[in-house]
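1. 3D model of this:
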Amino acid sequence: MVTSGGMIELSRITIADLDFIAGLECDADLWFFEEDTPSDKHAVREKYLNRIKEGAESSNHDFIVKLTTAQTPVGLAQIWSYIEYRKSWEIGFAILPEYSGYGHGTEAARLLLKYAFTELQAHKVVGMCNSTNSRSAALMERIGMTREAVFKEELLWRNQWTDQSYYSILDREFLPIKKNLAL
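-> Just a heads-up that it's a prediction; the model follows:
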């Protein structure tokens, strides 16, 4: 499955992408605002290989973010079941630093929302970020998500308890945005 925007496309992770994903997932600088970063590339490869094998049975949907012009991989976009019986899904994304600041993350996140509401029939999509991660928070607001809560001292980040911001968007809130964006 491939879904395209203007500058980027999301394509399902394949076995050929495992080295890229392992390098990306184990890059501590890229995941600066996360509680921890895996360091074992082999374990990361195995995790994603298992998800690939699960295929349609998986509650995780992992995509490589590629530039449409050169087919260059520039990041990772993911959506996974948050609360299945409530039709809630959570999104996550990461763009390599040399490609950030060009709108690739925003476009990837919008494509994830479109996928969630049209393909997965989601009722709600959530996203969370370290409260000090202003770029991630701004991106979620830019794609129409609303900050609903701040979980106090939710993350043990850099040996200090840190707040986590919780964002969401409902299907009925996304539909008007989708019409305006011509997704």
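
2. any idea which helix or strand carries the residue minimising distance to the centre of the chain?
-> By CA atoms, centre = their mean, the chain has its centre lying nearest to Gly92, at 2.3 Å. According to DSSP states H and E, Gly92 maps onto strand 88-95.

3. Give me the sheet partners of that strand and which way each runs.
-> strand 73-83 (antiparallel), strand 124-130 (parallel) (DSSP bridges).

4. got the contact list for it?
-> 24, 30-31, 65, 74-82, 104-105, 108-109, 112-113, 116, 120, 122-128, 139 (CB atoms under 8 Å, 6 or more residues apart in numbering). In this view, the C-beta of every residue, glycine as well, is placed from N, C-alpha and C.

5. What remains of the residues you listed if I keep only buried residues?
-> 24, 30, 65, 74-79, 81-82, 104-105, 108-109, 112-113, 116, 120, 122, 124-128, 139 (16 or more other CB atoms under 10 Å).

6. Would you state the strands of the protein in chain order?
-> 2-4, 8-12, 60-67, 73-83, 88-95, 124-130, 146-157, 160-170 (DSSP state E).

7. Relative to the last one, what are the paired strands and their orientations?
-> When you say that, I think you mean strand 160-170. For strand 160-170, pairing defined by DSSP bridges yields strand 124-130 (antiparallel), strand 146-157 (antiparallel).
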